[in-house]
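Asker: When you get a sec, could you give me coordinates for this:
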Amino acid sequence: MNAVTGFWSGLPPQMRDPVLFAIPFFLLLLTLEWTAARKLERLEQAANHTARPASRSCLTRDSIASISMGLVSIATTGGWKALALLGYAAIYTYLAPWHLPVNRWYTWVVAILGVDLLYYLYHRIAHRVRLVWATHQAHHSSQYFNFATALRQKWNNSGEILLWIPLPLLGLPPWMVFFSWSLNLIYQYWVHTERIDKLPRPIEFLFNTPSHHRVHHGMDQLYLDKNYGGIFILWDRIFGSFQAEVFRPHYGLTKQVDTFNIWTLQTHEYVAIARDWRSADRLRDRLGYVFGPPGWTPRPTARPDASVRLATSM
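Answerer: Numbering: from 1, shown residues only. Got it, this is the predicted structure:
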C-alpha cells in the first residue's frame, strides 16, 4: 500500500489519473462481454443450425480500432491536462474568490455534480456545433455497441478543458477537477453494452444506464441528439433532451465512415469542414459550415419567378 501511495504521489499532478488504474477493470469487463457474446452466438447457431456469421471479422477489426483509439487518447488526454493545469492553477490561485476545503464532503459533491453538469453542456454543444462535433464524432463512428466502443475516445479534449474553467473559478483545486473528470469517464465505461437490459426504475430515473446510452448512440431519427448525461440522466430530463429506449437502436453515424483507419476516423470531419469552407462563396455560409449543426447546408438563394423576370425585361 505504501508503495502504491508513493508511486501515486511521485507522479506529476496531471498524471495522477484514476483511469490508468481502471484499465485492468476495463479489460476484464471487455473480456467477459466478449466471452458471453461468443457463447450466446454459438448457442443461437446451434439452435438455428446457422453458420458462423460473416460479420465476425468486421467486429474484431472494429474493436481493435476502438482499443487503439483509446490507447492514443490516454496520451493525448495527458497532454491536454498538462496544458489545462497551468490555466486552472492560475485561475484557482489568483481569480477564485475562495478555496473550497478538500476535506469536506460537500466539496466533492460540488466537484462531481459540477463536472457532470458541464459535461452535459459540452456534450450537447458537441452534437450541435459542427466544429466541436468533429472532435466527438469518432466516438459515435462504430456500428457496434460494446465495451470496446467505450474506448473509442476522441484525441482533442480542448472543448471540455474550456468548459470546466468555472470549476477552478469556484474554488475547486485543479487536481480535484481532473479526478472528478476521470471518475465521470470511468462511470461511462459500463453503460456501453447491449448485455444489460433496463434496470430498476429509480436507477433509470436518476442515472445514465446502458438503456439510456444505447439511445444516445442510435442513428435512428427518434434517438438523434438525445441523452447527453454522463453519470446522471437527470440533466436530460430537466433540459428536455431525454428519450427512453423503445426499440434497440441502429448504431453509428447518419453518414457512415466505412474504414477502420483510426487516423481517418478521427480527422475525416475536419477534412469535410475544410472542403465545405472552400466550396462556399459567402462568409456566412462558411461560418455556417463551421459553427452550424452537423449536416447544415446554406439556404438556396431566392430567384424571381418567370413573370417577374419578364415584367422586368419589358
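Asker: what's residue 266 sitting at in phi/psi?
Answerer: The phi and psi values for residue 266, taken as degrees, to the nearest 10, are phi -80, psi -30.
Asker: Please tell me how far it sits from residue 111.
Answerer: According to C-beta to C-beta, to the nearest Å, residue 266 and residue 111 sit 30 Å apart. Placement of C-beta: from N, CA and C, glycine included.
Asker: before we move on, what about residue 120?
Answerer: Residue 120 is 15 Å from residue 111, where distance means C-beta to C-beta.
Asker: In terms of neighbours, single out the busier of those two.
Answerer: The neighbour count for residue 120 versus residue 111, taken as other C-beta atoms under 10 Å, is higher for residue 120 (25 against 22).
Asker: where's the more buried one, which helix or strand?
Answerer: Assigned by DSSP states H and E, residue 120 falls within helix 105-128.
Asker: For that helix, name the packing helices and strands.
Answerer: If you count contacts as 3 or more C-beta pairs under 8 Å, 6 or more residues apart in numbering; DSSP states H and E, helix 105-128 packs onto helix 130-136, helix 158-163, helix 166-169, helix 174-189, helix 234-239.
Asker: and with 7 Å instead?
Answerer: Packing contacts for helix 105-128, counted by 3 or more C-beta pairs under 7 Å, 6 or more residues apart in numbering; DSSP states H and E, involve helix 130-136, helix 158-163, helix 166-169, helix 174-189.
Asker: Can you redo those as TSV, where the extra columns are mean neighbour count?
Answerer: Listed next are these as TSV, based on neighbours: other C-beta atoms under 10 Å:
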stretch	mean neighbour count
helix 130-136	20
helix 158-163	17
helix 166-169	19
helix 174-189	20
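Asker: Would you mind putting those into TSV with distance to residue 62 and mean pLDDT alongside?
Answerer: Below are the helices and strands packed on helix 105-128 laid out as TSV (distance: least, C-beta to C-beta, whole Å; pLDDT from 0 to 100):
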stretch	distance to residue 62	mean pLDDT
helix 130-136	18	97
helix 158-163	25	91
helix 166-169	35	96
helix 174-189	17	91
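Asker: Output the ones you listed as a markdown table; include the columns distance to residue 230.
Answerer: What follows is these, written out as a markdown table (distance: least, C-beta to C-beta, whole Å):
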| stretch | distance to residue 230 |
| --- | --- |
| helix 130-136 | 13 |
| helix 158-163 | 11 |
| helix 166-169 | 14 |
| helix 174-189 | 5 |
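Asker: For residue 218, find the nearest of the ones you listed.
Answerer: helix 130-136 (15.6 Å; C-beta to C-beta).
Asker: helices or strands up against the closest one?
Answerer: Packing partners of helix 130-136 (3+ C-beta pairs under 7 Å, 6+ apart): helix 105-128, helix 262-279, helix 283-291.
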